[in-house]
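*Asks:* let's see this in three dimensions:
(one chain, ligands or ions: 1)
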Amino acid sequence: MKIGIEQIGFAIPNMYLSMDDLAAARGVDPNKFKIGIGQDEQAVPPLSQDPVTLGVNAALEWFKPEMRDQIGLLIFGTESSIDESKATAMYAKRLLGIHDWCRCFEAKEACYGATAGLMTAYDFIKNHPDQKAIIFGADIARYGLDTPGEVTQGAGGIAMLVSADPKIMEIEPTSTPFCDDVMDFWRPQYFDTAIVNGHYSTEQYLRFFKNAWNRHKETTGLKIEDYVAFCYHLPFMKQGLKALRLILPEASEAQQTLLQKHFDESAAYSRRVGNIYTASIYLSLISLLDHANDLKAGDRIGMFSYGSGAASEFFTGKLLPNYQDYLRPEAHKEIFEQRRRLTVPEYEEQFKQTLPHDASDFDIDVTNDPAPVVLTGLKDKQRIYDRRK
Ligand code: CAA
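*Replies:* The predicted model follows:
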């Protein structure tokens, strides 16, 4: 039985900030941001987009009402959850109209939550091949104005349909997790921006990748020549590139060129969106599939997921025949083209706007947000969502 990704989509806010503008405002050489870090733009969320809306909007790229009764598992991976108790998964279930016999919960481990969801879905489908799972990953990455992490902020969500009838990528059975208790990035309950030991976090990412990669080679016997591409969790492009460079010497010169080309294609969307935590590695996969025109059925893709704190997993997938028929590159191009570029003062104003913390009711102006699902406000301490289309 093949288990894997049947459908996948993403959603991003309709506003962005150019890293040229941010560099000018912060008095930094733009090449530090564009080459040194590897970011060109960053998505800026309006108050009407939160992890729930970003995840559900991603699912609406492919979701059809007739799928509702097939879903037996719904997992929502997020670092930027909206409640200390109730799972984002419950809101997603209602907004998509999934039936009540579905198991729904949230998964948290920084940027690893969606991968925890995917691996759980794999095991679930193995035991329930007649059912399907929806895995969400959605986050708003906030480090703070004029901080070293600011250039790596972002916002967005992905949603995957996982089943025993995969159309895009089959997930291979052996995956390699590597976890260790490290304080590289965390967010206490009273903070809405991350605390990060920046350089330490970049070192930990590479340590985890090296460990997972080496062990995966030992346990599976696979070598670098068995891969056509690698997709990474991309907190920023350069982090993934550094991981790739660790293993490139294992490849022939021709393969190094190929892997580098595919890496650039996998990072194309991330360069324009920024870090979207749990969703990031899956945005890399969508970006690779949308941009690379030399991939074919049977090609193996290596996937490295990393969530600070820290949990990582190296796993692999193989492309399926006619996978291109299930992609939407033209629609994705339009999503980017329709975004509005903010000035730095507009971005700063937007960043400072947060939902009230004092339990008061609050209305959000949604007129400039074209997304199908929006957060319209807070009433009686509850988030009010509207599915407009
Ligand atoms: N032209 C070209 N390159 C330049 C340059 C210029 N003018 N000026 C500087 N650079 C280069 C530097 O040489 C450096 O390159 P290398 O890394 O290849 O050496 C790069 O730009 C960055 O420069 P600095 O290290 O000086 O940057 P910094 O101190 O301002 O901080 C950072 C960088 C630590 C990544 C910071 O942005 C940060 O804290 N980010 C958030 C944390 C993060 O994303 N960590 C990633 C791992 S953790 C994870 O993956 C989970 C998660 O999602 C958070």
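*Asks:* contacting residues around stretch 209-216?
*Replies:* Here stretch 209-216 makes contact (Cβ atoms under 8 Å, 6 or more residues apart in numbering) with 174-178, 222, 232, 243, 246-247, 304, 306, 312-314, 316. Quick note: C-beta positions are derived from backbone N, CA and C, even for glycine.
*Asks:* list the buried ones in it?
*Replies:* Within stretch 209-216, the residues scored as buried using 16 or more other Cβ atoms under 10 Å are F209, A212, W213, H216.
*Asks:* specify which member of those residues is nearest to the ligand.
*Replies:* Of all the buried residues of stretch 209-216, F209 has the smallest distance to the ligand: 10.1 Å, by Cβ to the nearest ligand atom.
*Asks:* so M90 touches C104, yeah?
*Replies:* Yes. Checked against Cβ atoms under 8 Å, the pair M90 and C104 is within contact range at 5.9 Å.
*Asks:* so which of those two has more stuff around it?
*Replies:* The neighbour count for M90 versus C104, taken as other Cβ atoms under 10 Å, is higher for C104 (20 against 16).
*Asks:* that one: what secondary structure?
*Replies:* Following DSSP: H, G, I helix; E, B strand; the rest coil, we place C104 in the strand state.
*Asks:* where does this structure get nearest to the ligand, which residue?
*Replies:* Closest point on the chain to the ligand, by Cβ to the nearest ligand atom, is G36, at 2.0 Å.
*Asks:* if I pick that residue, what's in contact with it?
*Replies:* K238.
*Asks:* give me the pLDDT value at it.
*Replies:* Residue-level confidence at G36 comes out at 98, pLDDT.
*Asks:* could you do D21 as well?
*Replies:* pLDDT, D21: 98.
*Asks:* report the secondary structure state of it.
*Replies:* Recorded secondary structure, D21: helix (three-state DSSP).
*Asks:* hang on, the earlier thing: quick one: buried ones out of the contacts of stretch 209-216?
*Replies:* Using 16+ other Cβ under 10 Å as the burial test, these include 175-178, 222, 232, 243, 247, 304, 306, 312-314, 316 as buried.
*Asks:* among those residues, which are located in helices?
*Replies:* Using DSSP state H, the subset of the buried ones among the contacts of stretch 209-216 located in helices is A243, I247.
*Asks:* intersect the buried ones among the contacts of stretch 209-216 with the contacts of the ligand.
*Replies:* Applying Cβ under 6 Å from any ligand atom, the subset of these adjacent to the ligand comprises Y306.
*Asks:* coming back round to it: now for the contacts of stretch 209-216: which two are most distant?
*Replies:* T174 and L246 (20.9 Å; Cβ to Cβ).
*Asks:* ranges for the helices of the stretch 151-300 of the chain?
*Replies:* 198-220, 237-247, 253-267, 270-273, 280-291 (DSSP state H, counting those that start in this stretch).
*Asks:* for the ones you listed, give me a markdown table that also has mean pLDDT.
*Replies:* Putting the helices of the stretch 151-300 of the chain into a markdown table (pLDDT from 0 to 100) gives the following:
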| stretch | mean pLDDT |
| --- | --- |
| helix 198-220 | 98 |
| helix 237-247 | 98 |
| helix 253-267 | 98 |
| helix 270-273 | 98 |
| helix 280-291 | 98 |
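*Asks:* looking at these, which is buried most?
*Replies:* helix 280-291 (a mean of 26; mean count of other Cβ atoms under 10 Å).
*Asks:* so does it get close to the ligand?
*Replies:* No. On the criterion Cβ under 6 Å from any ligand atom, helix 280-291 is out of touch with the ligand, staying 6.8 Å away.
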